[in-house]
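J.: Got a sequence here, can you build the structure:
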Amino acid sequence: MGRSPSAFLKGAELASGLGAIFLGVGLGLLAPGGLHAIGWPLLLVGVGVHGAGMTLKHRLERRDGPTAWWENGLYWACWVGLAALLAWIGWRWATGGSSGGA
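T.: As a prediction, this is how the structure comes out:
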C-alpha cells in the first residue's frame, strides 16, 4: 500500500526538476515581450516547487546515510541562490520595477 522510498525520491527529483523548469521559463518570460505578465507568477511558482522538491530529495537521501560534503555544499548554494532571487524579486516589487521595458 505504501510507496517505496525510491518512489518518493523520484517524485522529489521530478518536483525539483519541474520547479527548475518553471524558474527558467519565468526568467525567460521577464524579457520584454507579449508574455511578460506571466513571467513573475511562473518565476515564483518555480522557486517554490524547486525549493520543495530539492528539500524533500535532500531529506530522503540523508535517510540512506551521510551525504558527501559537496552534495551539502551544492544544496546550500542553491538555497543561497534562491534566497538572492527572492530578495531581488522583493526589491523589484517594492520599487515598482516589475516592467521589462526601458
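
J.: helix/strand/coil for Val25?
T.: helix (DSSP: H, G, I helix; E, B strand; the rest coil).

J.: Quick check, pLDDT for it.
T.: On pLDDT, Val25 comes in at 80.

J.: Would you check that it makes contact with His50?
T.: No: judged on Cβ atoms under 8 Å, Val25 makes no contact with His50 at a distance of 11.8 Å. Placement of C-beta: from N, CA and C, glycine included.

J.: More neighbours: these two, which one.
T.: Ranked by neighbour count (other Cβ atoms under 10 Å), Val25 and His50 place His50 first, with 22 against 17.

J.: Tell me how far the more buried one lies from His58.
T.: 12 Å (Cβ to Cβ, to the nearest Å).

J.: ok, now Pro41?
T.: 26 Å.

J.: which one of these two has more residues nearby?
T.: Legend: neighbour count by other Cβ under 10 Å for Pro41 and His58, higher for His58 (19 against 12).

J.: need the contact list for the more buried one.
T.: Thr67, Glu71, Tyr75 (Cβ atoms under 8 Å, 6 or more residues apart in numbering).

J.: make it 10 Å
T.: Ala12, Ser16, Thr67, Glu71, Asn72, Leu74, Tyr75, Trp76, Cys78, Trp79 (Cβ atoms under 10 Å, 6 or more residues apart in numbering).

J.: Which of the residues you listed are buried, as a PyMOL select command?
T.: The buried subset of the contacts of His58, as determined by 16 or more other Cβ atoms under 10 Å, is captured in PyMOL by this line:
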select buried, resi 12+16+75+78
